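A.B. asks: Give me the fold of what follows.
(chains A, B, C and D)
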There are 2 protein chains.
Amino acid sequence: MLRNGMLRNGILGVTPAGGVRDGQSMRAKLSDVARLAGVDVSTASRVLRGEATQRIRQETRERVLQSARTLNYAPNQLARGLRMARSATFGIVVPQLDNPVFASAIFGAEKATLRHGYSLLIAHRGSEATDSVYQRMSHGNRVDGLLVASLDDDRLLRNELEAAQVPFVLLNRQLADAPHAVVLDSRAAAEIAIDHLVALGHRRIAHLAGRPGGFNAGERLAGYRGALERHGIGFDPALVAVAGYTAEGGAEAMRQLLAQRPTAVLGATLVTAAGAMAVLHEAGLQIPQDVSVVGLHDAPVAAMLYPQLTTVRMPTERMGELAADLLIALVEGRTPEAIAPLPPDGMVIRASTGPAPI
Amino acid sequence: MLRNGMLRNGILGVTPAGGVRDGQSMRAKLSDVARLAGVDVSTASRVLRGEATQRIRQETRERVLQSARTLNYAPNQLARGLRMARSATFGIVVPQLDNPVFASAIFGAEKATLRHGYSLLIAHRGSEATDSVYQRMSHGNRVDGLLVASLDDDRLLRNELEAAQVPFVLLNRQLADAPHAVVLDSRAAAEIAIDHLVALGHRRIAHLAGRPGGFNAGERLAGYRGALERHGIGFDPALVAVAGYTAEGGAEAMRQLLAQRPTAVLGATLVTAAGAMAVLHEAGLQIPQDVSVVGLHDAPVAAMLYPQLTTVRMPTERMGELAADLLIALVEGRTPEAIAPLPPDGMVIRASTGPAPI
DNA sequence: ACCCTTTGAACAAACGATTGCTCAAGTGGC
DNA sequence: GCCACTTGAGCAATCGTTTGTTCAAAGGGT
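C.D. replies: Numbering: from 1, shown residues only, chains lettered A, B, ... in the order given. Here you go, the predicted structure:
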């Protein structure tokens, strides 16, 4: 029973007798375990699955467990899923895969789901809105719930999730009426970045803002402004420019801000900060001697920039984990309480920040 | 039947009569479709599933299709999978999620699987070798096959895949005896990078090599060397340093190579090239006026570096697509032919390369 | 010694789809 | 008008689990 595409298996090969040893290769099912243990499959099931409430003689229990071990038994998830009306699988929908924040969240979600015996189906939500990823996943009982990291606008997302008819948890965004979400505390992130810059003596600090109206963008701006005011530095709208989330946007915003002669810049993301750095280089400004730069969120790429970028590290992986835990609680019928925004893990001080020029 | 964690659904709410409208919310099953169409479920199944070989009256067929549409029917994948002994799901195992090459391959694989009605289960193969990801996925009939982008050494990987007992396709690596793999043509990538540099007049071109013994590392080195010799430039081992795949490694290798006064550098990856660029900056060398830099593989981060990095674009997404197509062919019983290494998509010439200094 | 309770395990019916087989009605040849 | 054959659709078994129910044996109280 050598299947296509599998490794040629030494053990499996044709035996001296000329037959093919199949016993080893066939996946054992519950009835095999039961037969080997000399019990009914229902008994075997109860042993392997059963809570303590089940009445099974100790000796029987051990015999079944031993048989399962011998046969390397693993329950068929399709059968079990069909019977129990749950697939033990979640879907995770992300707008991009190469975004380090989402990569890290997926990583965390995978850890948590694995820990609880769930699997993670991945889907990418491109701009092609031909059909709904959410429905595609929930339909056909493929998943028990969804982890949603969408950038779609509220109305569209709301409609699609409603059609999906499945519990879900939002990742790093909010949606009115959607009960469960795990978000990063972007405001606090911006605040500690500003604290760091102010401690270095900076007072003219520019901000490369995210998409206006965006949930996190608003939080970051609020953090920026709040921290400045807390330090007795007035908020100056001229020091804020919209950069969106691309390097190009960051560069463009930085170009506008150059005239304001900031001594430091807070980017809404790593990417915009990188775009800004390129503009500073081009303008002949030294980082950090002339201008300090901080990016929000930490990722390996921060260490690839020149100079290496100081960032605020955010618990993105933990966000994924918590979201998955929350979703597990939901589908298992518990009613978890809301999770507060996750505070930053602190600053990662690299080479892009230094004392303000005198 | 409002479930936990779902959106409050206006339509679903309590009706004037005081009951809960459930008809809309329950997922329709085949028997519902059959009942509505006034046929047996077997007939409904044959209409929805059946190949042209089935004998169904046209009028009946249309009635069933109409009912399915009305009820928004989607077959329960668990039931179908159980019956047909296939889950219509693949697992994809990657060593890291934040590596753009893998991210892009996942993206491509997802596209291809989606196109054919398969789903993609994601798993991360960390260094914690406590248990086998491969077995975890294949056991329990969760997946019909695996896409494997592992960096494990041959022996370990071979053992784990053998135990998994499931067809698989390797992504960007080879394994003796493993019949199916889709790889990038790293040699050709190195070659066109060298061609580009030579065309710019460079003759002292250094190479930041990958992990010695690594499949792709060897290919890249061969391409580097072959192209140089083709251009009548002798291969000088002193111009090659092992950088591995980290920015730190790239920096370290570049530091060693500085003494050789190369006018251009070919990095094995984006990451090592970035590490090298930092060292060049520190040494006060101008890119590209003093030293040109090329990285292999293209990714958004290339445009975030300063100066923006010239790269060789590789069809990483296509690699994922082809691998998935191959795996689909395998599990559907066809015997696809081997796929030749995927040639580069060409150079992306940015700001990090320029004419050789005179 | 009898009856009732507890214990431990088997029996059997689902879950929702697919598919081999059966079978009634319709068709055509003679 | 009879028989064989085709057509179209239903019947029923099956995939591998889980779980409500039944049932035999053992145990205990009187």
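A.B. asks: what's the host helix or strand of residue A:158 packed up against?
C.D. replies: Counting by DSSP states H and E, the element that carries residue A:158 is helix A:154-164. Here helix A:154-164 touches helix A:133-138, strand A:145-148, going by 3 or more C-beta pairs under 8 Å, 6 or more residues apart in numbering or on different chains; DSSP states H and E. Where you see a C-beta, it was placed from the backbone N, CA and C, and this is true even at glycine.
A.B. asks: Pull out the buried residues from it.
C.D. replies: A:157, A:158, A:160, A:161, A:162, A:163, A:164 (16 or more other C-beta atoms under 10 Å in any protein chain shown).
A.B. asks: wait, the fourth one sits on residue A:178?
C.D. replies: Looking back up the chat, that one is residue A:161. Yes: using C-beta atoms under 8 Å, residue A:161 is in contact with residue A:178, at 7.4 Å.
A.B. asks: Would you map the strands across chain A?
C.D. replies: A:89-94, A:119-124, A:145-148, A:168-171, A:181-182, A:205-209, A:240-242, A:264-267, A:292-296, A:310-313, A:346-348 (DSSP state E).
A.B. asks: packing partners for the third one?
C.D. replies: Okay, so that is strand A:145-148. strand A:89-94, helix A:133-138, helix A:154-164, strand A:168-171, helix A:316-331.
A.B. asks: buried residues in stretch A:219-226?
C.D. replies: Residues A:219, A:220, A:221, A:223, A:224, A:225, A:226 are the ones in stretch A:219-226 that count as buried (16+ other C-beta under 10 Å).
A.B. asks: on that earlier part again, quick one, which of the strands of chain A is nearest to DNA strand C?
C.D. replies: DNA strand C lies closest to strand A:89-94 among the strands of chain A, at 16.0 Å (C-beta to the nearest atom of the strand).
A.B. asks: Report all helices and strands that that closest one contacts.
C.D. replies: helix A:100-115, strand A:119-124, helix A:133-138, strand A:145-148.
A.B. asks: That strand pairs with which strands?
C.D. replies: Paired neighbours of strand A:89-94 in the sheet (DSSP bridges): strand A:119-124 (parallel), strand A:145-148 (parallel).
A.B. asks: which residues touch that strand?
C.D. replies: A:102, A:105-106, A:109, A:113, A:118-125, A:133-134, A:137-138, A:142-150, A:324, A:327, B:121-122 (C-beta atoms under 8 Å, 6 or more residues apart in numbering or on different chains).
A.B. asks: State the mean pLDDT of stretch A:70-90.
C.D. replies: Here stretch A:70-90 scores 96 as its mean pLDDT.
A.B. asks: Kindly report the residues of the stretch 201-350 of chain A close to chain B.
C.D. replies: Applying C-beta under 8 Å from any C-beta of the partner chain, we find that the stretch 201-350 of chain A lies next to chain B at A:247, A:270-271, A:274-275, A:277-278, A:281, A:299-301, A:303-308, A:327, A:330-331, A:333, A:335.
A.B. asks: Among those residues, which lie within helices?
C.D. replies: A:247, A:270, A:271, A:274, A:275, A:277, A:278, A:281, A:327, A:330, A:331 (DSSP state H).
A.B. asks: out of these, who's nearest residue A:214?
C.D. replies: Nearest to residue A:214 out of these is residue A:271 (C-beta to C-beta; 14.5 Å).
A.B. asks: What is the burial count for residue A:241?
C.D. replies: Applying other C-beta atoms under 10 Å in any protein chain shown, we find 21 residues neighbouring residue A:241.
A.B. asks: Tell me the pLDDT of the closest residue to it other than its chain neighbours.
C.D. replies: Residue nearest to residue A:241 in three dimensions, not counting chain neighbours: residue A:253, with 3.8 Å by C-beta to C-beta, 6 or more residues apart in numbering or on different chains. Per-residue pLDDT puts residue A:253 at 98.
A.B. asks: With residue A:219 instead?
C.D. replies: 95.
A.B. asks: burial count for the nearest residue to it once chain neighbours are set aside?
C.D. replies: Nearest residue to residue A:219, sequence neighbours excluded (C-beta to C-beta, 6+ apart): residue A:186, at 3.9 Å. Using other C-beta under 10 Å, residue A:186 has 28 neighbouring residues.
A.B. asks: quick revisit: pick the one among the buried residues of stretch A:219-226 closest to DNA strand C.
C.D. replies: DNA strand C has its nearest neighbour among the buried residues of stretch A:219-226 in residue A:219, at 42.9 Å by C-beta to the nearest atom of the strand.
A.B. asks: which residues does the closest one contact?
C.D. replies: So residue A:219 contacts A:185, A:186, A:187, A:190 (C-beta under 8 Å, 6+ apart).
A.B. asks: which ones are touching the closest residue to the third one other than its chain neighbours?
C.D. replies: This means residue A:187. Excluding the flanking residues, the one nearest residue A:187 by C-beta to C-beta, 6+ apart is residue A:223, at 3.7 Å. For residue A:223, the contacting residues are A:186, A:187, A:188, A:189, A:190, A:191, A:194, by C-beta under 8 Å, 6+ apart.
A.B. asks: Can you flag which of the residues you listed belong to helices?
C.D. replies: The helices, defined by DSSP H, take in A:186, A:187, A:188, A:189, A:190, A:191, A:194 from the contacts of residue A:223.
A.B. asks: Which of those has the largest number of neighbours?
C.D. replies: Highest count within these by other C-beta under 10 Å belongs to residue A:189, 30 neighbours.
A.B. asks: Tell me how far it lies from residue A:312.
C.D. replies: In this view, residue A:189 and residue A:312 are 5 Å apart by C-beta to C-beta, to the nearest Å.
A.B. asks: roughly how far apart are residue A:213 and residue A:151?
C.D. replies: Where residue A:151 is concerned, residue A:213 sits at a distance of 12 Å (C-beta to C-beta).
A.B. asks: And these two? Which one has more around it.
C.D. replies: Ranked by neighbour count (other C-beta under 10 Å), residue A:213 and residue A:151 place residue A:151 first, with 15 against 8.
A.B. asks: right, and that one touches residue A:99 too?
C.D. replies: No: contact status for residue A:151 versus residue A:99: not in contact, 10.0 Å apart, counting by C-beta under 8 Å.
A.B. asks: show me where pLDDT drops low in the stretch 101-250 of chain A?
C.D. replies: A:126-130 (pLDDT under 70).
A.B. asks: and it, which residues reach DNA strand D?
C.D. replies: Within the stretch 101-250 of chain A, no position is near DNA strand D by C-beta under 7 Å from any atom of the strand.
A.B. asks: Residue A:222 - nearest residue in space that isn't next to it in sequence?
C.D. replies: residue A:187 (5.3 Å).
A.B. asks: Burial-wise, tell me which of the helices and strands packed on helix A:154-164 comes out on top.
C.D. replies: strand A:145-148 (a mean of 28; mean count of other C-beta atoms under 10 Å in any protein chain shown).
A.B. asks: Could you tell me how far the nearest residue to residue A:137 once chain neighbours are set aside is located from residue B:110?
C.D. replies: Excluding the flanking residues, the one nearest residue A:137 by C-beta to C-beta, 6+ apart is residue A:91, at 3.9 Å. Taking C-beta to C-beta as the measure, residue A:91 falls 12 Å from residue B:110.
A.B. asks: which residues do the two both contact?
C.D. replies: Between them, residue A:91 and residue B:110 share the contacting residues A:122, A:123, judged by C-beta under 8 Å, 6+ apart.
A.B. asks: hang on, the earlier thing: would you turn the strands of chain A into CSV with distance to residue B:291?
C.D. replies: Below are the strands of chain A laid out as CSV (distance: least, C-beta to C-beta, whole Å):
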stretch, distance to residue B:291
strand A:89-94, 38
strand A:119-124, 38
strand A:145-148, 45
strand A:168-171, 42
strand A:181-182, 45
strand A:205-209, 30
strand A:240-242, 34
strand A:264-267, 28
strand A:292-296, 24
strand A:310-313, 26
strand A:346-348, 29
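A.B. asks: okay, the nearest residue to residue A:293 once chain neighbours are set aside: pLDDT?
C.D. replies: Distances taken as C-beta to C-beta, 6+ apart place residue A:352 nearest to residue A:293, at 4.5 Å, with adjacent residues excluded. pLDDT for residue A:352: 98.
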